[in-house]
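Asker: need a 3D model of the following:
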Amino acid sequence: MKRLFLIALLALTACKEEQIAAPDPVDLTPDALSFFCQMNIAEHGGPKGQIHLDGYPTPLFFAQVRDMVAYLKSPEREAAIVAIYVSDMGTAPSWHQPGQSNWINAEGATFVVGANVAGGMGAREVVPFADPTDADSFIILYGGSALPLTDIPDAEVLGPVDLDLKLETPA
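Answerer: Prediction:
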């Protein structure tokens with residue numbers, strides 16, 4: 001009986017160790033740099049993203065959600081992903097000021113894909129919303145379709161950027 005209890009205790013301990021607690025999102029500061037280009041994120045409008053990696057003390061920030069999704073789809077990552085957050089553009093003060101602390105879990109967000117809007121780095125943006133009705137209102141103004149993170153097509157984030165497109169910058 002004692003042996004059975006020890007086996008059960010070890011199994012429970014192993015299960016606890018495998019669970020990595022998701023860290024909270026980190027507020028966007030004027031010092032935050034975009035992972036790919038190392039440019040200051042505060043200088044660029046549009047929604048932002050942050051990815052927390054296992055064993056890393058700070059998140060990777062992205063100047064465009066499009067770039068963050070491209071990172072997620074890339075097979076070459078530095079560590080296991082433990083949390084993904086995006087700006088909730090439904091509560092953002094404006095397109096040019098996407099907010100410092102209005103982060104939402106990307107896995108529960110609704111993303112507008114294919115809208116006629118440019119993100120912070122000038123490419124067509126993938127725009128996140130916590131409330132699907134906010135996404136619908138955005139679609140009425142700028143086009144696109146609403147999708148969950150897992151359904152964003154590779155071509156939207158991994159394809160070449162068409163610099164000849166006349167994309168809008170929302171107010």
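Asker: use CA for all of it now, contacts and neighbours both
Answerer: Will do.
Asker: any idea how far D154 is from V113?
Answerer: The gap separating D154 from V113 is 11 Å, by Cα to Cα, to the nearest Å.
Asker: these two: who's more crowded?
Answerer: A direct count of neighbours by other Cα atoms under 10 Å for D154 and V113 places V113 higher, at 25 against 11.
Asker: all helices for this protein, in order.
Answerer: Applying DSSP state H to the chain gives helices spanning 2-18, 65-73, 132-142, 154-158.
Asker: compare those helices and say which comes out lowest on pLDDT.
Answerer: For those, mean pLDDT drops lowest on helix 2-18, to a mean of 44.
Asker: what about this structure, any weak spots by pLDDT?
Answerer: The chain contains residues with pLDDT under 70 at 1-20, 163-165.
Asker: buried ones in the lengthiest strand in it?
Answerer: When the chain is parsed with DSSP state E, its longest strand is strand 81-87. Neighbour counts over strand 81-87 (16 or more other Cα atoms under 10 Å) mark 81, 83-87 as buried.
Asker: what does stretch 157-169 give?
Answerer: Neighbour counts over stretch 157-169 (16+ other Cα under 10 Å) mark 157, 167, 169 as buried.
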